Structure formats: structure tokens, C-alpha cells
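In: Give me coordinates for this.
(chains A, B, C and D)
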There are 4 protein chains.
Amino acid sequence: MEAPDFEERDVGRIVAFTDGVMAVAITLLVLNIEVPRLPGTDERRLEDELADLLPSLLAYLLSFALVGQYWVVHHTLFENLRSFDRALMGLNLTFLALIALVPFASELIDRYEQEPVAAAVFAGILGLAALTNVLMVRYIARRRFLRAPRPGPPEPFPGAVSLAIALVFLLSIPVAYLSVTAAKLLWLLVLVFRYPLRRIGT
Amino acid sequence: MEAPDFEERDVGRIVAFTDGVMAVAITLLVLNIEVPRLPGTDERRLEDELADLLPSLLAYLLSFALVGQYWVVHHTLFENLRSFDRALMGLNLTFLALIALVPFASELIDRYEQEPVAAAVFAGILGLAALTNVLMVRYIARRRFLRAPRPGPPEPFPGAVSLAIALVFLLSIPVAYLSVTAAKLLWLLVLVFRYPLRRIGT
Amino acid sequence: MEAPDFEERDVGRIVAFTDGVMAVAITLLVLNIEVPRLPGTDERRLEDELADLLPSLLAYLLSFALVGQYWVVHHTLFENLRSFDRALMGLNLTFLALIALVPFASELIDRYEQEPVAAAVFAGILGLAALTNVLMVRYIARRRFLRAPRPGPPEPFPGAVSLAIALVFLLSIPVAYLSVTAAKLLWLLVLVFRYPLRRIGT
Amino acid sequence: MEAPDFEERDVGRIVAFTDGVMAVAITLLVLNIEVPRLPGTDERRLEDELADLLPSLLAYLLSFALVGQYWVVHHTLFENLRSFDRALMGLNLTFLALIALVPFASELIDRYEQEPVAAAVFAGILGLAALTNVLMVRYIARRRFLRAPRPGPPEPFPGAVSLAIALVFLLSIPVAYLSVTAAKLLWLLVLVFRYPLRRIGT
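Out: Residues are numbered from 1 along each chain as shown, chains lettered A, B, ... in the order given. As a prediction, this is how the structure comes out:
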């Protein structure tokens, strides 16, 4: 095993940068909910316009929950990380570049809610982000970058949950061309996946 | 009591992510104050236009102060947190999703300052955020996630202040339909609530 | 002396939140430099349009340097802070609300570069932020919130540098009505003020 | 050697502020990818419009990767920093002011992808940022601000990698006037430079 390029001290800074990017990306989601611009002050019309924002609000909540879920997954992965190298850094930046695209993807599915191609782009971005997570989990396991050896038998397939999330998103792409609504229901599934905590690491 | 999913070390990262989201949300509030676009350079007209921004500035200051107050409340709550689990994580993300909506809500009450429905949306978002805080306080107390047992008699109702904030906001919704100004005065009340420091935890 | 409401542990979180708000505000400044929108692809015209952005770039650099300077001043102030209370929290939020207004003020002086009222608003916001700093320095000194007693004779006037910065900005307001350029030159003065490091605290 | 103005404790806060600015700047890059606005819902046209976004996506990925690379370089530089002074603070703020301009520069090369002057501005900003890094490396080496003396023979030229990055960008400026594509290929070179880790410091 060659010496890792970064030490534990650095993991803290990488985590802080990752949290920063995810915090900004998740908060930028709100910019997609546009306050209606009405010429006069017509209360009834404002109520109607606000009711029309409901799909935007749902797209916001869905994207917020998904980025939140990815944050939990990332957090679990880096929790016991002891060291770091350049390849892992590259994978983490790839993950962040995909997460930072979510505000774009979220606006897309909001503006074109019935278009399969919009749903496909959204699912593709989140699916690739989950796949990058799988690669990180497996790389970390292979390079033994974790703080403590895992007690008990080794996990049969590290990153199984990230892989399941990736598969759901990738599967939802063809589904979207049959029914966009069905694809979106599939995405909700991702929110209930529970990452096997304490499997990796401790 | 089943073992918590996250340990104290992790609380730091969750707090950092929370602070990041709140810092971005509070700073995005400024985007609602739009620099006037005048065709020529007419000093008198620029002065008038800037004077017209005063309500926007007040909406900014009010929203900034409210998010700041929620930050203090959240800070007090997490100060002595020892551990964390998935349910608390979900509640915290719900809280953040509501806080990240404040720039939208703030722009809404600024653009439609006399519309009851705009005030109702603002109050609803902040009221729900406070209610989520109440749920977090009670969940933390029930799961004994705090670092030290509280000295002295147990607090009669943990989260009383968050509940009071929530009630003020929810009460202001019907009030807004009688008088938007009265509803806004009610909101100012929230800024003077003092969280009983050192009650939770130490 | 009554017990402080927050302990040293908390100072870290307040500092992190402050840094977050200042980092977002300083980075939002770039949004004021708008990429020109030309109909066709006419290289000569693009060069002209980019040259026209030079004043915007200077406004950006000036505002960036000023927020950076305020960050250094804030950093020096909080470096040896041991504890915190609600009043200091309120002052710090007031300071942040003013700093978060800088992207607005910077866009204003950029769009109306010859208007005294634009310069006055910019100077007013930064002057008030510096005054809030003076109040924080004096409050911290009075409440003995610093980690170590200052060696040697006590500083004659804590916060002298922040006060000087505030005075320069407030003085530049009437100056702007005589000459906007003179007011801007005064602001540059602020960048060369050196905070008496190690005076407060150690 | 005169006493440094800031101690190690402070390095943490400067790093946190730097990470904050870089995290916001890198995430703002996504705002340049604009969701198409189509009048009706015409799936074929939406697919075409999304395909037209491909150059924007590539500009996003390039800029994201470059800012990520600069983050790694900055991280390596500050990893073993023990202390800090005002001059280094000024250099670091200069570096950040240039990094915060990247979202502007990225939008510029995206909108005017065949214009040499757009490529020249992009390369100039990133080249100056790399040069500022060289200055920081050399200043840190000269002031002996690193935690541990370097084992083995001293590095012949500290900051060689940052200098190479700067030279590639500056060289790409005249190249852009011959071929914008050739200039962009040169930029990709920067992504493969490996900073000699553990050379500075440990």
C-alpha cells in the first residue's frame, strides 16, 4: 500500500468544502420558485398564481430531500475516513459537480413537468452522482482508507445502497418515456432507502 | 434505548451543514432589494427610487432578524447535542427546507405588502419552521441525546419558546386577513422572545 | 458579572456562521459584473463592451477589498473571544445584515457612478457596519469576554481602528455631494488602516 | 524573524473563509446553464434546446474542474501553515477575488465561444490566480510559516507547479488569437498537473 497523499487532518477540510458546495446547491434550489409579478394588486389573482406555484414547491421539496439524502450518504461514507488521495479527491469533485447541477435539473423538471426528456436529464444527473458514490465507497474500501478495521465479517458489497439509488434513477429514464409520473414516483423510493449505518467503518 | 445512529463527532458536521444553509439563505435575502434601473442620470429621480426601496429594506431587515433568531434557537438546541439519529436528521432537513424558503417568502411580502395571502404564506413558512423546532426539542429530550443530564427539576415543557414562536406565526395568519400591518407587528414580537438558555442541556 | 449565556464552544459556531455569511456576500459581488449580450459575434464590439466593464470590475475589487478588510477586523476581534451573550449576538447579526447589503450597495455605485446619493448609500452601509464593530469591541471589553487579560497597560480606546473606519465613511457622505471621486478616494484609505493586532486579547 | 501577526488557531478560520468563498464560487457556475424557455410544450424542440446546452455544460465542467484543481493546490499550500501575517492575508484575498471572478469568466467563454478576447479574459483571470499562488508559496517559504522544517534537501523552486499553471494560462492568451480551440486544449493540461504533495511542509 503506497502512502496516502492526504492525512486525516485534511479530510476535515475536504469535508468542509463538500458541505459548503452542498449547502449552497441545496439553498439555490429556492431561486427556481419565482414570485409572481402581477400588474395591479388583485388578491384573487395572487391566490391563483400562488396555487400555480404548487408544482414548483413540490419540485423544490423533492430536490431538497434528494440532495439531503445524498448528504447523509456522503456523510456516512466520510465519517470514518482516515486519509485521502488524489483519485478520491477527483471522484469527490465529480460528485460535487453533479450535485451542483441539481438546481438546473430541478428547474428543468419544474418548467417541463410533462416532458420525458426533462425527467431523463434529472434522473441522469442524480443517477451519475450515486454511481460516483459507489465508486468512492469501493475505492475507499480497496485502499483501506478507513479509520478502523470493520469488526465482524466484511461487508459483502460495499456501496450497495448507493448502487441501489443509482439503479433506481437509471431505471427511471426509460420509465419516464412511458410515464413521467411513474418515473417521479420511483424517485420517491430513494428517500426511504436507509444506508446501513456503522457498516462502513466502525 | 437503541443505539443512536450518529455520534457526537457527526453532530459537528450536521451543524456545519445547517449553518451553511442558513448563512446562504440569510445572504440571498439581499437579492430581493433590486437596484433601480433609470434610463438617464437624474439625481432627483434616483433619490426617489431609493426612497421607494425603504419597504424592501424593512422586509430584508425583518427576514434577516427572524432567520437570525431561528439560528440562535437552533444553536441553543444543538449546543449540547451528543448524538443524532435518522429521524432527527429528517426533522433538521425539514427545518432547513423551510428556512431556505424564506428568501422567496420575503420577496413575496415585499412585492405584495398589502395582500393578506402573501403575509399568510410568510407566516405559514416561519410557523412551520418553528413547529419543526418544537418537534426536534421534544424528540431530543425523549431520546436523551443531550450531553449532560439537566441539573435541578426537569423543564416542564421543553421547546416552550419555539412553540410560542410557532403560535404567534400561526395566529398571525387569520389576523393578516383583518389587517396585514397588525400581522407584521405580531411578527416583531418573535424577535424579543428570549430562549431559556442553559435550560436544555447543562 | 453575570454568567455569559454562551460558552467558548459556541463562539466557534458563531464565527462559522459569520464567515459563511461574509463568504457568500463577498462572492455574490461578482453577480454585478454582467457578461455583455451582443446580437452577433463581432469581436471588436465585444472588446469594446469588455472595456466598458472596467468600472464594474473596479467597483467589484473595491467592495471585495473592503469586505475582506472588515473580515480581518472581525477576525481580530473574535480571535480571543471566550464567551458570548445575547446582546453581542444581536450586534453581530446587525453587523452581518449590513455586510450582506454590500452586494446591493456595490451594484448601486457601479450603475450610478457619478451620483452622490449612490455613494452616500454605499458609505452609509459600510460606516454603520464599522460603527457596529466599535460597539462590539467596547461591549466585549466591558463584559470581559476575552480569553486572557491584556498584558501591559490597558488599551486607551478599544476599537479605535473601527471608529476611524466609520468616521472615514461617514465623512465621505458630505464629500460625495462635492465630488464623488473624492469620496471614493477616501474609501481607499480604509484599506490601508492596520488593526493593532495582539492589542485586544493576548 | 519578526513575530507573525496571526497564530495557528487563526489559520483555521482563514482556511474556512477561503473554502467558503471557493465553495460559493464553484456552485454559482451552474447559474450559467440556463434552462431553455419554450413557448409551448414541444418535446422535439426541448431535446434540441437541451442538446444546444452541451457547450455550456462543457464550460461548466471545465471551470468546475479548474476551480477544484486550484482548491487542491491551495489546500496543499495551507495544509502545514503554522502562522499567518497581513501580507499573506492580502495575497489570499487577491487569490479569492480572482477565483470569485471565475463564474463571470466562465459565462463569457460560454456565450462567446469563438471569440479570442473571451478566452483571453478567462485565461488572464486564472493565470493571475495561479501567479498569486506562486507569490504565496514563496512568501510562506521565506517567512518560515510552515509547521515543520522540510526533511531532506530544500525544494529547488517552491511553487513550481503553480508557476507552470500560470505559464500555461498566460501562454494560452496569444494562442487564443490563433485558435480558440487550441487555447482551450492547453487549459486541459492544467488539470493533469500533479502538485508535489508533501514537498511543502512535512
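In: Do you have the helices of chain A handy? List them.
Out: A:8-28, A:43-52, A:54-78, A:86-99, A:102-111, A:116-143, A:160-178, A:180-192 (DSSP state H).
In: so which of the ones you listed gets nearest D:L91?
Out: Checking those against D:L91 by Cβ to Cβ gives helix A:8-28 as the closest, at 19.1 Å. Bear in mind the C-beta positions are built from the backbone N, C-alpha and C, glycine included.
In: Which neighbouring elements make contact with the closest one?
Out: helix A:54-78, helix A:86-99, helix A:102-111, helix B:8-28, helix D:8-28, helix D:54-78 (3 or more Cβ pairs under 8 Å, 6 or more residues apart in numbering or on different chains; DSSP states H and E).
In: now it, how far from the centre of its chain.
Out: In terms of Cα atoms, centre = their mean, to the nearest Å, the centre of helix A:8-28 is found 14 Å from the chain centre.
In: ok, the closest residue to A:S162 other than its chain neighbours to chain D distance?
Out: Nearest non-adjacent residue to A:S162, counting by Cβ to Cβ, 6 or more residues apart in numbering or on different chains: A:N133, 3.9 Å away. Distance from A:N133 to chain D, counting by Cβ to the nearest Cβ, to the nearest Å: 17 Å.
In: count of residues packed around A:N133?
Out: If you count neighbours by other Cβ atoms under 10 Å in any protein chain shown, A:N133 ends up with 24.
In: quick one on the thing from earlier: can you tell me which of the helices and strands packed on helix A:8-28 is most buried?
Out: Stretch with highest mean neighbour count among the helices and strands packed on helix A:8-28: helix A:102-111 (a mean of 25; mean count of other Cβ atoms under 10 Å in any protein chain shown).
In: and that helix with chain B, contact?
Out: No. On the criterion Cβ under 8 Å from any Cβ of the partner chain, helix A:102-111 is out of touch with chain B, staying 11.5 Å away.
In: near chain C, anything from that helix?
Out: No. Applying Cβ under 8 Å from any Cβ, one finds helix A:102-111 separated from chain C by no less than 14.9 Å.
In: residues in contact with that helix?
Out: Here helix A:102-111 makes contact (Cβ atoms under 8 Å, 6 or more residues apart in numbering or on different chains) with A:25-26, A:28-29, A:31-32, A:55-56, A:59-60, A:62-63, A:66-67, A:118-119, A:121-122, A:125-126, D:30, D:33, D:35, D:37.
In: Off-centre distance for it?
Out: 14 Å.
In: how far off helix D:43-52 does that helix point, in degrees?
Out: Calculated by axes from the mean of the first three to the mean of the last three Cα atoms, to 10 degrees, helix A:102-111 forms an angle of 170 degrees with helix D:43-52.
In: by how many degrees do helix A:102-111 and helix A:160-178 diverge?
Out: Using the same axes, to 10 degrees: helix A:102-111 against helix A:160-178 is 30 degrees.
In: Kindly report the residues of chain A close to chain B.
Out: Within chain A, the positions lying close to chain B (Cβ under 8 Å from any Cβ) are A:15-16, A:19-20, A:22-24, A:26-31, A:33, A:35, A:37-38, A:41, A:43, A:46-47, A:50, A:60-61, A:64-65, A:68, A:71-72, A:75, A:79, A:194, A:197-198.
In: let's see it at 7 Å
Out: Residues of chain A lying close to chain B by Cβ under 7 Å from any Cβ of the partner chain are A:15-16, A:19-20, A:22-24, A:26-27, A:29-30, A:33, A:35, A:41, A:43, A:46-47, A:50, A:61, A:64-65, A:68, A:71-72, A:75, A:79, A:197.
In: was I right about A:Q114 contacting A:S179?
Out: No. In this structure, A:Q114 is not within contact of A:S179 by Cβ atoms under 7 Å, at 10.0 Å.
In: if I look at the residue nearest to A:S162, how far off is A:T18?
Out: Here A:N133 is placed at a distance of 12 Å from A:T18 (Cβ to Cβ, to the nearest Å).
In: now do A:A119
Out: Using Cβ to Cβ, A:A119 is found at 27 Å from A:T18.
In: next one: A:A97
Out: A:A97 sits 12 Å away from A:T18, going by Cβ to Cβ.
In: hang on, the earlier thing: any chance of the helices of chain A in a markdown table, plus mean pLDDT?
Out: Putting the helices of chain A into a markdown table (pLDDT from 0 to 100) gives the following:
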| stretch | mean pLDDT |
| --- | --- |
| helix A:8-28 | 88 |
| helix A:43-52 | 88 |
| helix A:54-78 | 92 |
| helix A:86-99 | 93 |
| helix A:102-111 | 95 |
| helix A:116-143 | 94 |
| helix A:160-178 | 94 |
| helix A:180-192 | 92 |
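In: looking at these, which is closest to C:L171?
Out: Smallest distance to C:L171 across the helices of chain A (Cβ to Cβ): 37.2 Å, for helix A:8-28.
In: which residues does A:A100 contact?
Out: When contacts are counted by Cβ atoms under 7 Å, 6 or more residues apart in numbering or on different chains, A:A100 touches A:V21, A:A25, D:I26, D:T27, D:V30.
In: ditto for A:P55
Out: Counting by Cβ under 7 Å, 6+ apart, A:P55 has contacts A:D110, A:E113.
In: Name the nearest residue to the closest residue to chain D within chain A, sequence neighbours excluded.
Out: Using Cβ to the nearest Cβ, the single residue of chain A nearest to chain D is A:G20, 2.9 Å away. Take A:G20 and drop its neighbours on the chain: the residue closest to it by Cβ to Cβ, 6+ apart is D:A23, 2.9 Å away.
In: any idea how far the one you found is from C:L191?
Out: Per Cβ to Cβ, D:A23 is found 26 Å from C:L191.
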